[in-house]
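# Using only what follows, build the 3D model:
(4 chains)
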Amino acid sequence: MLEAILSIGGIGLTAAVALGLAAKKFAVEVDPRELAVLEALPGANCGACGFPGCGGFAKALVEGKANPNACTPGGQATVERIAHILGVAATAADPQVAVVLCQGDNPRAALKYRYLGMADCNAAQRIAEGPKQCPGGCLGLGSCVRACPFSAIEITGEGLAVISRELCTGCTRCVAACPRGVIRMTPLAATVHVLCNSHDKGAQVRKYCAVGCIACHICAKTVPGAYVVEDFLARVDYEHRDQAGAAVEKCPTHCIRDFAQGYPPGSSFAAPTVPVAGKSAA
Amino acid sequence: MTELFLIFISAAFVNNFVLARFLGICPFMGVSKKVETALGMGMAVTFVMTVATVTTWFIQYFILTPFNIEYLQTIAFILVIASLVQLVEMVIQKTSPVLYQSLGIFLPLITTNCAVLGLAVLSIQKGYSFLEAVVFAIGAAAGFTLALVLFAGLRERVELSAVPRAFQGAAIGFVTAGLLALAFMGFAGLVKG
Amino acid sequence: MEQKLILSPAPHLHGEQSTEQIMRAVIYALLPACAVSIYFFGLPALRVLVLCTLGCVLAEIGCQKLMRRPAAWRDGSAALTGVLLALNLPPASPWWLALLGAAVAIVVGKQVYGGLGHNPFNPALVARVVLLISFPVQMTTWSAPTPLGAGLDLVTTATPLGEAKNAVMLSGRLPEALQNSSWDYFIGNMGGCLGEVSALALLLGAAYLFWKRILTWHIPLSYLGSVVVIAGIFWLVDPSRYPSPLFHLLTGGLMLGVFFMATDMVTSPVTPRGMLVFGVGCGLLTVLIRLFGGYPEGVSFAILLMNAATPLIDRFTRPRAFGEAPARVSGRQGAP
Amino acid sequence: MMKKLKTFRGGLHPSEHKEQTAHLAIEDCPLPEELVIPLSQHIGAPAEACVAKGERVAKGQLIGRARGFVSVPVHASTSGEVLAVEARPHPSGKLLPAVVLRPDGEDAWGEAPASVADYRELGAEELCERIRAAGVVGLGGAAFPTHVKLSPPPEKPIHTLLINGVECEPYLTADHRLMLEETARLLAGIDILRRALGARRVCIGIEANKPDAIARLEEACRGTDVEVATLAVKYPQGAEKQLISALVGREVPSGGLPMDLGVVVQNVGTAAAVADAVLAGKPLIERVTTLTGSALARPGNLRVRIGTPLRHLVAWRGGLTGELAKILCGGPMMGAAQLSLDVPVVRGTSGVLLLREGDVELRRESACIRCGRCVRACPSFLMPTTIAAYARLERFEAAEQFRAMDCIECGCCTYICPAAIPLVQAVRHAKLAILARRRKL
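Prediction:
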């Protein structure tokens, strides 16, 4: 018995001394904030953030190489705590989602030429400024889909990008990825949007798109103040988003859509179930 | 000399710790996303395995056996391995922060890596002499590193593939590991033992 | 204008050979070997061929339906896998063995990775090895070759490699007879898998592929060369124990492996230097497994092992780019 | 047994399709109804318009001023009235500012071009200035301002001038005809270029598939120290770096320029334009181009005024036969597909191809089968399929490590790819992303 205690104790003691010496020799300065951030993280080491374990993520956060909201399991509470520790702004109070301002899928919008090449919007845009006649319409080749870290974007069978309002976290990666600027950040609470991005004159738009904005001003006349028509394109003034719904039915080309009533045709996303504040039940 | 060579071949290929004995699967799956990281992990494990085998060999034959306390083998060995891993962790953190970061949780987890303990215990069970134990450890570590790096290369390639959604991630990793183990079956019988 | 103009990125000209044409050409190149196997082993061989090919194509169609991906079985790759698998099975294989092999090849070997071009291991070899390990008896029951279809009642025999291995294990010496039947081995008059038997037919097929510029010399030459050199060294050391390089070349699946399995484009390196490394690795492993391993034949395992090493080989053999300083090419920095 | 011809490593031999036009003498194209002269016809800053709507201009009059060093002036291709200065379709696929001119039919020069008695008396700088003022750019296709290439920094003296008569692009025969028909002008241009650079060695590289041009030039160069080198028929033999590799035996360092090796390469068409500019004082207002393809009734080699719309060329050559599926400006390997026949011929237009549906690759891309053909064909020794795979996943650092930036976009990889993968486009995608990132840093 005594031997056992002594030998194991001896081994332990030797190891302890050796480790103690090593710790002195190989001491590494660690940013105290890093430890604090590590504490705040869930500690699941799941790797969902793309870093090796929570330690790696904490280090990246402190160095400013990562966004706190990359930690999906942590949720909003974690994000806020980390933002507090790092002294950066927490996510905006008015949550934003990205919206594709186009409904011109293959049956509705005319092509400029037959494109044969890499299925990437940015690559296609470099060939005579994209295969669609509309200069601003969605090309449907999925650059935004690849850019989205949350799988919130789909391309419909007819080649139109649609962004899920529930899955979108407002990270703006798709906005940067789109070569045509057809994706915009909008307030989550605003469900009515003019889904067109062509600044061409109405007659021109009619030639190539069945659902394009022809700048007829009917929406602005129906709900004065809720719509602005600029440079031959109407858009919702999101300050007055609550009234915008009244013009949806009036639009002659049906390019205004209320997402509370459903996504553009061909989308597999179900209409948002959560009733939006300020919107009377339809 | 031949004997030592055979021990090495056996430990590295025929009875590869990962692909034939299925020990150390945790870091094998965990740290095999990039070849560089896999190589770093391989080196760390090689160091721990070799030093652990040497130390435990001495502990077994100079402490445990003389005092008739072989029943404390597991505790004593784990104590040694844990200390060694701590040491390696400190050294890597100091010398290669990048590697430290990419190894992440799997570095301290070498402590509980069954391959290391298994190696120490096996070399006692097989009654290896000191030299044989060292060669056995180096062979096992080389085999572990080889399997890990090969696997990392494969995973990097699979990452470029259009894997069906249901198989993405760990699933295709396990399928690949299985096929790799299948290929390693070819070494069976190369060395008896 | 009724049809819109086509706009595509440069270049606007394209070479003649498409993936489908390559696959078809490889199948054509295997036909002589199929014919020889049917000549020597009769209807059972035909049955294996048909079952494997059909099985593979059906499995491919099934997988693509299941994954809702475009049906691409017409590219011929599944049929090619089927033919290759059949050539890697013994003629007396029961029907379920052939079908199971086809399913394993396509599902586990290929489709779980995303189909053609994505599989890291040669599907036919994956299936062969799975079957070999799971059903060792069926996979090593060899019928004796009986020219022109007399072969309905089975006479079992041993493969030359198996005989050699057994003899060496029992007596430490090679049987004399084995060394003197080179001509029989060359035309295929021996026991073995369908496609293992006739080196002549396989060489014919390979010549066709060389002519079509589908095969390059890198892998076949380095593979054959390393087998000859390594087997030759052992043979020179002790000819009574180790068979001659010629014996190695003509028996077993070496010819099939060298020209049709190791050269499988999907699972071998893309760089010329990598192909050489790959071939030498295959040769080395083949001889080592044949001489010292538990299995008499090492070609399948050797190729699978080198398949596993292919991503690493590709990485470390990236060619020096035009105008790149030589010192900077070496090793790791080519890696992502 | 023939001596092994000089060449480079890699590359391939696409079917040449040159037989349609190789034997046809150069013809002058009549003036069109309307000329569209883009202000950006060269690499570098676009020229600035210096005429206004309604103004009358003489042939050779300056209509666009150069902006900066890497830029060249633009001149009126004929005399006439300026109809507009506005955005018009450009061969790059965009709408870009152009001077639209209605020819008056007189085709009258303004002030008589200042000819030079003996260019040998002029210094290198003056030669360079004349070349710049005439708006001479590389006529091989890239349209890089020639005077910039002729002004190397003093620490990089030029010892070798290579003249590119390779014309390795399939279908194109304009340079071939130029070498045959305008040998004297070409050699004068070469001599001017050599003087401007102070080069000791001058070598004209020609592919072996133009034996008549080789014989003609060899004869003309007899007794001079200008070499004529016969090169193996292989694409892209005419790419600058590959030509240097074949004729000088050295590789231009990655990211470097030929001048780093003391070498300058000029196209034969450029040399002829230089002769016009210096000897006759004529600005670059026309070029020789090949108009060909299966959809065209009468293919030919034409001398065309800069700014002539393709529609006019096609009408003059008997119109279209069969349904037009693709319009290309430049060769089929590196040229750009066009949206319509309204685009004009510009300085870099080495050829115009009109293809029918049957000649156009319509195959959908399939998965890479890793055959390695692109790796073997790549004249830059890259691994195109690997770079493309990373480009597709937007993993641009990995693409950069596989040296995407060393790609010369010659198109060999895509040509040979059995899976019809647009490899060049993918690599280019990566290159642009890498450049964008570098700019950001």
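# and A:A203, helix, strand or coil?
With DSSP: H, G, I helix; E, B strand; the rest coil as the basis, the three-state label of A:A203 is helix.
# which residue sits closest to it, ignoring its sequence neighbours?
Excluding the flanking residues, the one nearest A:A203 by C-beta to C-beta, 6 or more residues apart in numbering or on different chains is A:I214, at 7.8 Å. Backbone N, C-alpha and C define where each C-beta goes, glycine included.
# What of A:V228?
Leaving aside its chain neighbours, A:V228 sits nearest to A:D237 (5.2 Å; criterion: C-beta to C-beta, 6+ apart).
# you'd agree the one you found is up against A:V223?
No - taking contacts as C-beta atoms under 8 Å, A:D237 lies outside contact range of A:V223: 9.7 Å.
# Neighbour count: these two, which is higher?
With neighbours defined as other C-beta atoms under 10 Å in any protein chain shown, A:D237 and A:V223 compare such that A:V223 has more, 21 against 15.
# Show me the longest helix that occurs in chain B.
Longest helix in chain B by number of residues, with DSSP state H as the criterion: helix B:130-159.
# tell me the secondary structure for whichever residue of chain B sits closest to chain C?
Taking C-beta to the nearest C-beta, chain C has its nearest neighbour within chain B at B:G189, 1.9 Å off. What three-state DSSP gives for B:G189 is coil.
# tally of neighbours for the residue lying closest to it once chain neighbours are set aside?
Once flanking residues are discounted, B:G189 sits nearest to C:G294: 1.9 Å by C-beta to C-beta, 6+ apart. By other C-beta under 10 Å, 15 other residues sit near C:G294.
# And for C:G283?
Neighbour count of C:G283, defined by other C-beta under 10 Å: 27.
# and it, which of the three is it?
What three-state DSSP gives for C:G283 is helix.
# ok, now how distant is it from B:A188?
For C:G283, the distance to B:A188 equals 20 Å [C-beta to C-beta, to the nearest Å].
# Find the residues that touch each one of A:D237 and A:V223.
With contacts taken as C-beta atoms under 8 Å, 6 or more residues apart in numbering or on different chains, the residues that reach both A:D237 and A:V223 are A:A244.
# Quick one: residues contacting the residue nearest to A:A203.
With C-beta under 8 Å, 6+ apart, A:I214 has these contacts: A:G202, A:A203, A:V205, A:R206, A:P252, A:T253.
# ok so, going back, touching, the residue nearest to B:G189 and C:L132? I think so.
No - look at C:G294 against C:L132 with C-beta under 8 Å: they stay out of range, at 11.4 Å.
# how about D:H147, what does it touch?
Taking C-beta under 8 Å, 6+ apart as the criterion, D:H147 is in contact with D:V72, D:C128, D:E129, D:I131, D:R132, D:V136.
# Quick one: neighbours of D:E121, just the number.
8.
# Can you give me the pLDDT of it?
On the pLDDT scale, D:E121 is placed at 83.
# Check which helices and strands the host helix or strand of D:V99 is in contact with.
D:V99 belongs to strand D:95-103 when assigned by DSSP states H and E. Under the contact definition 3 or more C-beta pairs under 8 Å, 6 or more residues apart in numbering or on different chains; DSSP states H and E, strand D:95-103 sits against strand D:35-38, strand D:62-65, strand D:80-89.
# So for that strand, mean pLDDT?
94.
# Equivalent analysis for stretch D:180-187, please.
pLDDT averaged over stretch D:180-187 gives 94.
# tell me which residues in it are buried?
Along stretch D:180-187, these residues count as buried under the neighbour rule (16 or more other C-beta atoms under 10 Å in any protein chain shown): D:L180, D:E181, D:E182, D:T183, D:R185, D:L186, D:L187.
# Let's have those residues in JSON lines, adding secondary structure and distance to B:K33.
Formatted as JSON lines, the buried residues of stretch D:180-187 follow (DSSP: H, G, I helix; E, B strand; the rest coil; distance: C-beta to C-beta, whole Å):
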{"residue": "D:L180", "secondary structure": "helix", "distance to B:K33": "61"}
{"residue": "D:E181", "secondary structure": "helix", "distance to B:K33": "63"}
{"residue": "D:E182", "secondary structure": "coil", "distance to B:K33": "62"}
{"residue": "D:T183", "secondary structure": "helix", "distance to B:K33": "63"}
{"residue": "D:R185", "secondary structure": "helix", "distance to B:K33": "63"}
{"residue": "D:L186", "secondary structure": "helix", "distance to B:K33": "59"}
{"residue": "D:L187", "secondary structure": "helix", "distance to B:K33": "62"}
